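# using only what follows, build the 3D model:
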Amino acid sequence: MRTFSDFSEIKSAVGTEIGVSDWVEVTQDRINQFAEATCDQQWIHVDQERARKESPGGTTIAHGLLSLALAPLFIRSVMGLKGLRNTLNYGADRIRYLAPVPAGSKLRGRVTVAEAEDVPPDGLRVNYHLVIEIEGGKKPACVAELIALHYR
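Alright, predicted model coming up:
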């Protein structure tokens with residue numbers, strides 16, 4: 001975990017990788033809970049028997065948005081900021097899902113500070129480049145440019 005003392009330290013980290021998270025398992029139970037929460041119960045995600053017979057990989061796969069929903073976990077696990085009052089999700093500039101995530105896979109996040117800009121009176125807008133890797137995978141599951149507003 002890399003801990004930043006203040007906003008100037010984050011700004012000086014622009015262009016650098018700040019960390020790689022631990023692996024997180026994407027179990028079928030996690031996929032089912034996500035499907036329930038989002039009302040997206042497409043068979044490719046939740047019907048293990050049908051997926052075994054009909055899907056190209058022979059198994060269910062996680063929702064792309066489930067992989068992306070792990071972004072806060074990945075980012076918070078590799079960095080901290082002293083004196084932070086709160087953080088708001090400001091959105092995303094670009095998200096690409098490059099490889100399916102079969103149930104039982106493990107994911108981790110590789111986090112880079114891409115941009116950082118002061119937002120008066122006491123904020124900092126940070127663009128994070130996040131690569132979500134699949135353990136043993138040739139391509140990442142997801143590549144995203146995410147934006148956060150940090151307030152002190």
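# show me where the protein has its strands.
For the chain, the strands defined by DSSP state E cover 2-4, 17-20, 24-25, 79-81, 86-97, 106-119, 123-134, 142-151.
# what's the local residue count around residue 75?
For residue 75, the tally of surrounding residues (other C-beta atoms under 10 Å) stands at 20. (C-beta placed from N, C-alpha, C; glycine too.)
# residue 108 is in contact with that one, correct?
No. Using C-beta atoms under 8 Å, residue 75 makes no contact with residue 108, being 11.8 Å away.
# give the residues shared as contacts by the two.
The contact sets of residue 75 and residue 108 do not overlap (C-beta atoms under 8 Å, 6 or more residues apart in numbering).
# can you check which helix is longest in the chain?
Secondary structure assigned by DSSP state H gives helix 28-38 as the longest helix of the chain.
# out of the strands of the chain, flag the one nearest residue 62.
Counting by C-beta to C-beta, residue 62 lies closest to strand 106-119 out of the strands of the chain; the figure is 8.5 Å.
# residues of the closest one that come out buried?
For strand 106-119, burial by neighbour count (16 or more other C-beta atoms under 10 Å) applies to 107, 108, 109, 110, 111, 112, 113, 114, 116.
# the closest residue in space to residue 62 that isn't next to it in sequence and residue 3: what is the separation?
Nearest residue to residue 62 in three dimensions, chain neighbours excluded: residue 101, at 4.1 Å (C-beta to C-beta, 6 or more residues apart in numbering). Distance, residue 101 to residue 3, using C-beta to C-beta, to the nearest Å: 30 Å.
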